[in-house]
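Chemist: I'd like to go over a predicted model; first the sequence, then the structure.
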Amino acid sequence: MTDFSADGDAGRQLLTGVKPEIRQMLPWLILLRLITNTGMRMGYSFLPAFARGAGISQSAMGTVLAVRDLTALSSPIAGRATDRFGTGRIMGIAGIGAALGMALSAAGSVGLIAGFVATGFFAVVYKIALSAWVGHAVAYENRSRITGLIELSWGGSALLGIPLVGLLIDYVGWRAAPALLALLALPLSIFLSKHDSTLSATDPATSSTLTMSRAAVGAISAYTTLTMSAQFLFLGHGLWLEDTHKLSAGRIGLAVFAAAVMEVLATLGSARITDTIGKRQAILLGTGLLMAGLVGLAFFSEGSLVVGVILLAVVFLGFEFAVVSALPLISELDPLARASMIGRTTAISTVFRALISLSAVGIYNRYGFATLMAIAAAFAIASMLLTIFAVEEPVGVSASR
């Protein structure tokens, strides 16, 4: 079984603070996250293709994605269940559920709607349990390293998963992509479920009633506006690339691949420097890049494809850097109820992202991509202001767990 610590000094430094008995499971956890992230991202990048294949309108497809996002309202329940039953058990169940959801997505229009919703729900549950696992297993001072390693699965899904999905849609059909993802995710999830005791880093005895401090409210508000800003781009970039630049599904996948290189660089950068400069400062840096990229897209939405892809890459870079930097901070807002805090943060941000999902396609169709990006930039600025005036680094954290 793969053990990252065998890769030399760099690997050992990156995994500082991880309990040895669970270190060997990390590659499999990341691989499953990459698969579920691909299942989530393909709906955004190939919204027109899935809408045509399922025989529904683009606006209806946007509504499907909004309903999918709204399933994360159950995140507080998922968080409490994780705190109670352990991270390993919940991750196994969530992985199997996501695999079945992706399989269902290939079964016609009704199946696509139900499958997308189920995949979204279980992907969020898996993310909450995995984030809680990191919080319990890794010291706060080193946590961005492991969070960055795990979050490579988000950029990796764009580098590997989205181009593959685009090619499958072009040459096999829209059903092939979710079917293949399901075939990859199911055996891996079953494997992880058999190791739930090894992965259950949560100590149920430490769980308590969730405490919403002023610092928690500020951090959640900043994180929510950050994700709202990015949601406009996630919903609009596939439409923009197809309508303005006339790209096929396969070429959209390649464009996203080019931009996703920056996501991976951002994740690696966060893993290396966030713990050094501080989570709050890193969040500001990432959000600033996000805002700059969105403003650029607003001004150059009708320009060359090369410029557009570069700006798309800047947005991906900034958003990923900010999110990877924010997750360790959020996991420390209430150390006695980590999964519950992560679940509440996810639920709150989900409500507002779902509102964006419901409105973004309509705004795009009526006012265009430039207006959509201008609105997104305004939310990025709001997130920066909240981070400056309302976000604080957790104090008194322990260097060990």
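Modeler: Right, received. Where do you want to start? Numbers count the residues shown, from 1 in each chain.
Chemist: From here on, just use CA atoms for contacts and neighbour counts.
Modeler: Fine.
Chemist: how close does L73 sit to T274?
Modeler: 29 Å (Cα to Cα, to the nearest Å).
Chemist: Show me which of these two is the more surrounded one.
Modeler: T274 (28 against 20; other Cα atoms under 10 Å).
Chemist: Next, the contact list for that one, please.
Modeler: 144, 282, 325 (Cα atoms under 8 Å, 6 or more residues apart in numbering).
Chemist: what comes into contact with whichever helix or strand L290 is part of?
Modeler: Here L290 is covered by helix 279-299, with elements defined by DSSP states H and E. Outside helix 279-299, the residues that touch it by Cα under 8 Å, 6+ apart are 226, 270, 274, 308, 311-312, 314-323, 325-326, 328-329, 369-374, 376-378, 380-381, 383-384, 387-388, 391-393.
Chemist: can you rerun that using 6 Å?
Modeler: 274, 311, 314-315, 318-319, 321-322, 325, 370, 373-374, 377, 380 (Cα atoms under 6 Å, 6 or more residues apart in numbering).
Chemist: Please apply the same query to stretch 344-351.
Modeler: 70, 72-73, 75-76, 220, 224.
Chemist: Please could you give me each C-alpha atom of the helix holding L290, formatted as CSV?
Modeler: Extracted in CSV, the C-alpha atoms of helix 279-299 (Å, rounded to 0.1, in the frame of the first residue of the first chain):
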residue,chain,number,x,y,z
LYS,A,279,-4.1,31.5,7.2
ARG,A,280,-5.8,35.0,7.3
GLN,A,281,-3.1,36.6,5.2
ALA,A,282,-3.2,33.7,2.7
ILE,A,283,-7.0,34.0,2.4
LEU,A,284,-6.6,37.7,1.6
LEU,A,285,-4.0,36.9,-1.1
GLY,A,286,-6.1,34.3,-2.8
THR,A,287,-9.3,36.4,-2.7
GLY,A,288,-7.4,39.3,-4.2
LEU,A,289,-6.3,37.2,-7.1
LEU,A,290,-9.8,35.9,-7.5
MET,A,291,-11.2,39.4,-7.6
ALA,A,292,-8.6,40.6,-10.2
GLY,A,293,-9.3,37.7,-12.5
LEU,A,294,-13.1,38.3,-12.4
VAL,A,295,-12.6,42.0,-13.2
GLY,A,296,-10.5,41.0,-16.1
LEU,A,297,-13.1,38.6,-17.4
ALA,A,298,-15.7,41.3,-17.1
PHE,A,299,-13.7,43.7,-19.3
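Chemist: pLDDT (mean, whole number) over it?
Modeler: Mean pLDDT, computed over helix 279-299, is 94.
Chemist: before we move on, what SS does E393 have?
Modeler: coil (DSSP: H, G, I helix; E, B strand; the rest coil).
Chemist: Let me know how buried it is, in neighbour terms.
Modeler: Quick note: E393 (other Cα under 10 Å) scores 16 neighbours.
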